[in-house]
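Trainee: Here is a sequence with its predicted model. Questions after.
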Amino acid sequence: MRLEREFYTRADTLLVARELLGKLLVVPAAGGERVSGRVVETEAYLGAGDKASHAFGNRRTARTETMYAVGGTAYVYFVYGMHHQFNVVTGAEGSPHAVLVRALEPAEGLELMRLRRPVKDDRALTSGPGKLCRALGIDRSFDGADLTGGRLWLEDDGARVRPGEVASGPRVGVAYAGEDALRPWRFWNKGNPFVSRR
DNA sequence: CAAGTGATTAGC
DNA sequence: CTAATCACTTGC
């Protein structure tokens, strides 16, 4: 079942980041074929008060504008000249919180993923934020897309992640964020081989 | 370990 | 306008 607006608009972004683990991210291919992966790693970005967030201090620019949209909107941006990053906007409209999806366990459409990302080992297919965007075909044309609409979405297929299987720790690549760099706002499935390596 | 790549941003 | 930076990946 597709996640609905109410899942995303809750005020507790850390809770949404944890509950996103185990959900299926689905991006249908041009032919309609389902290409999907199960979320195994996320990071929460807590808006205006979070030094690591693009929206720190309520910064509003052309890029960050999407973060101010209502929960359940896709925030996709481009970094390092070659990689896209897929985020889920959370909370109410005007509150720039978001959750970065850092890694997936491939579920459907593996052949297409291997075509888009020729790697020796399937573990390298979606085990990183840039990798999974490439494998699922997510680019900036998805920025601002409605996750309760039709181009891409997250769904609950009944799989459950027990609290004991969830680990948390500092976020990756945010050393510039001072004391916020140490906050344990990264969540992952303990022992899952598709979690990005560090 | 460092290069690569180009959008984005802050600072003139 | 210019220069620095960047929520990364890959290959040496």
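Mentor: Everything's here; your move.

Trainee: what ranges do the strands span in chain A?
Mentor: Remark: strands assigned in chain A by DSSP state E are A:24-26, A:36-45, A:74-79, A:83-90, A:97-108, A:153-155, A:166-169, A:186-189.

Trainee: For the third one, list the C-alpha coordinates in CSV.
Mentor: The C-alpha coordinates for strand A:74-79 follow below in CSV (Å, rounded to 0.1, in the frame of the first residue of the first chain):
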residue,chain,number,x,y,z
ALA,A,74,10.5,14.6,-3.5
TYR,A,75,13.5,16.8,-3.1
VAL,A,76,16.1,15.9,-5.7
TYR,A,77,19.4,17.8,-6.2
PHE,A,78,22.7,17.3,-8.0
VAL,A,79,26.1,17.2,-6.2
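
Trainee: is any part of it close to DNA strand C?
Mentor: Yes - under the criterion of CB under 7 Å from any atom of the strand, DNA strand C is reached by strand A:74-79 at A:Y75, A:V79. Just so you know, the C-beta spots here come from the backbone N, C-alpha and C atoms, and that holds for glycine as well.

Trainee: For chain A, list the residues in contact with DNA strand C, please.
Mentor: Counting by CB under 7 Å from any atom of the strand, chain A sits next to DNA strand C at A:43, A:45, A:52-55, A:67, A:75, A:79-83, A:85, A:87, A:98, A:100, A:117, A:119, A:124, A:128-132, A:171-174, A:176, A:196.
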